[in-house]
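> build me a model from this:
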Amino acid sequence: MASILIVDDDAHLRQSFEKLLSQEGHTVRTAASGEAALALVGSQQFDLVIMDVRMPGMNGLDTFQTMRKIEPKLPVIIMTAFGTTETAIEATKMGAFDYVLKPFEIPEVLLVIEQALEAGRFMRSRVELDVVPESASLEAIIGRSKAMQEVYKAIGRVAPTDATVLIRGESGTGKELVARAIYQHSLRADKPFLVINCVAIPETLLESELFGYEKGAFTGAVNRRVGRIEQANGGTVFLDEIGDMPFGIQAKILRLLQEKSIERLGGREPIPVDVRIIGATNRDLEASLAEGRFREDLYYRLKVVTLWLPPLRERSGDISLLSDFFLARFAQEMGISNPGITEKAKALLDGHTWPGNVRELANTLQKALIFSRGCPIGPEDVVQAIGSDSPTKNGREDVTEETIRQWIRKSLATADAENMFEYFMDTFAGLLISEALKLAGGNRSRTAKILGLSRPTLLSKIEKYRLKLETSVLSDSTE
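As a prediction, this is how the structure comes out:
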């Protein structure tokens, strides 16, 4: 997991954090002062720092400024009491990833920590381009086909500019990796890079998540809050699944692109923000325009540069390279020897249409590696791995589906709720996550892997559906 540094002069809080984060699988170091924290950061690598503002000697803001000179891409979360919220906001403008207010609850803190760790990983782990599979790192864009050569050229041309980029392609083609490659080769590579999935965050929360809010903007807004776009000031924001962004929020993104400013919810003053926007979608935006679900003015603002990612079925010759890459990666992650793959198995992979593209190929090879028992992966392993994603013929799925249909019909017949669609979606999602948590023994990392979610997304859904989770206050101390 991650290496995290806790900086606070409160010994009880340091101990509480150390216990909590160790239980989450992280390695934790602590420091009681800014001076001690700087010595640790200068001598070893951390993935995240969580630091108090008010400390004896060197305060949190001075420590943070010095720390950025040592490790500019190290994410820092600032802790603050209610009385010093403005100080925390100032720290965020200076480049701190986020801030949390004391006293805080465990789910809230864990969610911010996971978001910060993910952002730090995106900023610090480089995406390699056009490399030999055997020598590639764990994150690389693999492919030598003509279609992929055009992608590499496009990344090289657009990365050094500040142009807005729209990445288009089917689901599973690697749009996020391309966005990160653009960021890492840009002039903003030493600034923040934040990923916002426009469908993972509930519509009612997305606007405040993006733009923040002022105190009193809505019920429960007891303090001013900086949004994700403002947090990324000077850096890059990747809006994934932007084709699914609610129509009302599209107008605010348009204003950001046109005027380089935003307004927090409940605010009246424009706030200057300097960010580069990279968007991605698998939607047919032209159809969305015709149906009135996507703004035409935003569409043209986004597609200053459009980068199309080819589906795997159109990347002749790349499947063999990708197979070698994924087998080496998964073998390393699982701590086993790479058994390799036979030519007949590769021929079988070449003949598949891969509707899920690179993501589907990766999942197939991971399953094949698990069941290969250390032998080279052959055609039978590939057939089994691909077939496991298809409905079985033993009738069990039909029985389960009919049971669900009967419950839906009964619920619809007796429904008195106004929004039945949301009711059913929330019910199913809550049950799915609850059962996955039980299957994983409560381990959230394992649960996220089972469901194919990132940990921040899982934690936000656990909180949304009020699933059973430790919610006691971590600390009731204030600065």
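> check the nearest residue to S316 once chain neighbours are set aside and give its pLDDT.
Here the nearest residue to S316 in space, its sequence neighbours aside, is S145; by CB to CB, 6 or more residues apart in numbering that works out to 5.6 Å. All C-beta atoms are positioned from the backbone trio N, CA, C, and that covers glycine. Looking at S145, its pLDDT stands at 93.
> mind listing what S145 touches?
Going by CB atoms under 8 Å, 6 or more residues apart in numbering, S145 touches P310, R315, S316, G317, D318.
> next one: the last one from V127, what distance?
When you say that, I think you mean D318. Using CB to CB, to the nearest Å, D318 is found at 16 Å from V127.
> which segments of this protein make up each domain?
According to automatic domain parsing, the chain comprises the domains 3-107, 146-309, 314-387, 402-469.
> adding distance to Q115 and mean neighbour count, write those out as JSON lines.
JSON lines is the format used below for the domains of the chain (distance: least, CB to CB, whole Å; neighbours: other CB atoms under 10 Å):
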{"stretch": "domain 3-107", "distance to Q115": "7", "mean neighbour count": "18"}
{"stretch": "domain 146-309", "distance to Q115": "9", "mean neighbour count": "18"}
{"stretch": "domain 314-387", "distance to Q115": "22", "mean neighbour count": "17"}
{"stretch": "domain 402-469", "distance to Q115": "5", "mean neighbour count": "14"}
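> closest to V131 out of those domains?
domain 314-387 (8.8 Å; CB to CB).
> got the end-to-end distance for the closest one?
Using CA to CA, to the nearest Å, the end-to-end distance of domain 314-387 comes to 22 Å.
> i'd like the first residue to be 18 from this point on
Yes, from this point I'll number from 18; that puts the last item at domain 331-404.
> run the chain-centre distance for it.
Chain-centre distance of domain 331-404: 25 Å, with CA atoms, centre = their mean, to the nearest Å.
> quick one, strands of the stretch 168-317 of the chain?
182-185, 210-214, 229-230, 242-243, 253-257, 278-279, 288-289, 293-298 (DSSP state E, counting those that start in this stretch).
> gap between the first one and the chain center?
Once both centres are worked out by CA atoms, centre = their mean, strand 182-185 turns out to sit 18 Å from its chain's centre.
> so what strands line up beside that strand?
strand 293-298 (parallel), strand 322-325 (parallel) (DSSP bridges).
> distance of the residue lying closest to T109 once chain neighbours are set aside from E226?
In space, not counting the residues next to it along the chain, T109 is nearest to V243; the distance is 4.8 Å by CB to CB, 6+ apart. Remark: distance between V243 and E226 (CB to CB) = 11 Å.
> repeat that for G334.
According to CB to CB, G334 and E226 sit 41 Å apart.
> which of the three states applies to M140?
Under DSSP: H, G, I helix; E, B strand; the rest coil, the three-state class of M140 is helix.
> what number of residues lie near it?
23 (other CB atoms under 10 Å).
> hmm, it is touching L211, no?
No - using CB atoms under 8 Å as the test, M140 is too far from L211 to be in contact (9.4 Å).
> quick one on the thing from earlier: for the contacts of S162, work out which two are farthest apart.
Pairwise distances across the contacts of S162 (CB to CB) peak at 12.3 Å, for the pair P327 and G334.
> for this protein, what are the low-confidence residue spans?
Where the chain drops to pLDDT under 70, the residues are 99-102, 151-154, 405-420, 422-424, 426-435, 485-496.
> apply 80 and report the result again.
Filtered on pLDDT under 80, the chain yields the residue ranges 98-106, 110, 147-155, 333, 390, 404-437, 439-440, 443, 455-459, 480-496.
> does M96 count as helix, strand or coil?
Applying three-state DSSP: M96 is strand.
> who's it bridged to?
With DSSP bridges as the rule, M96 is bridged to D69, V117.
> what residues does stretch 245-254 touch?
So stretch 245-254 is in contact with 109-110, 112, 114-115, 199-200, 203, 205, 208-211, 213, 226-229, 273, 279, 281, 288, 290-295, going by CB under 8 Å, 6+ apart.
> the closest residue to A171 other than its chain neighbours pairs with what?
The shortest distance from A171 to any residue other than its chain neighbours is 5.0 Å, reached at L324 (CB to CB, 6+ apart). Under DSSP bridges, the beta-bridge partners of L324 are I184.
> now do the same contact list for L324.
Contacts of L324 by CB under 8 Å, 6+ apart are V168, A171, I172, V175, V182, L183, I184, R185, V195.
> ok, now with 10 Å
167-168, 171-172, 174-175, 182-186, 192, 195-196, 199, 295, 297 (CB atoms under 10 Å, 6 or more residues apart in numbering).
> compute the first-to-last residue distance for stretch 249-262.
End-to-end for stretch 249-262, by CA to CA: 19 Å.
> stretch 232-249 now?
21 Å.
> reformat the contacts of S162 as CSV; add secondary structure and distance to E35.
As requested, those are arranged in CSV below (DSSP: H, G, I helix; E, B strand; the rest coil; distance: CB to CB, whole Å):
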residue, secondary structure, distance to E35
P327, coil, 48
R332, coil, 47
S333, coil, 53
G334, coil, 51
D335, helix, 46
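> tabulate these (a markdown table), appending distance to T370.
Shown next, in a markdown table, are the contacts of S162 (distance: CB to CB, whole Å):
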| residue | distance to T370 |
| --- | --- |
| P327 | 14 |
| R332 | 12 |
| S333 | 13 |
| G334 | 16 |
| D335 | 14 |
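> between these, which is closest to A49?
For the contacts of S162, the nearest to A49 is D335 (52.8 Å; CB to CB).
> gap between the residue nearest to that closest one when sequence neighbours are not counted and T359?
Closest residue to D335 apart from its sequence neighbours, by CB to CB, 6+ apart: G160 at 4.2 Å. Per CB to CB, G160 is found 22 Å from T359.
> report the contact partners of S188.
S188 makes contact with E258, T298, N299, P328, P372, G373, N374, R376, E377, according to CB under 10 Å, 6+ apart.
> farthest-separated two in those residues?
Pairwise over the contacts of S188, using CB to CB, the maximum falls at T298 and E377, 19.0 Å.
> re the thing from before, the residue nearest to T109 against F228, yeah?
Yes - under the criterion of CB atoms under 10 Å, V243 makes contact with F228 at 9.3 Å.
> overlap of the contact sets of the two?
By CB under 10 Å, 6+ apart, the residues touching both V243 and F228 are R281, I288.
> list the contacts for the closest residue in space to R310 that isn't next to it in sequence?
Excluding the flanking residues, the one nearest R310 by CB to CB, 6+ apart is F264, at 6.5 Å. Shown in contact with F264 (CB under 10 Å, 6+ apart): S305, G309, R310, F311, R312, L315.
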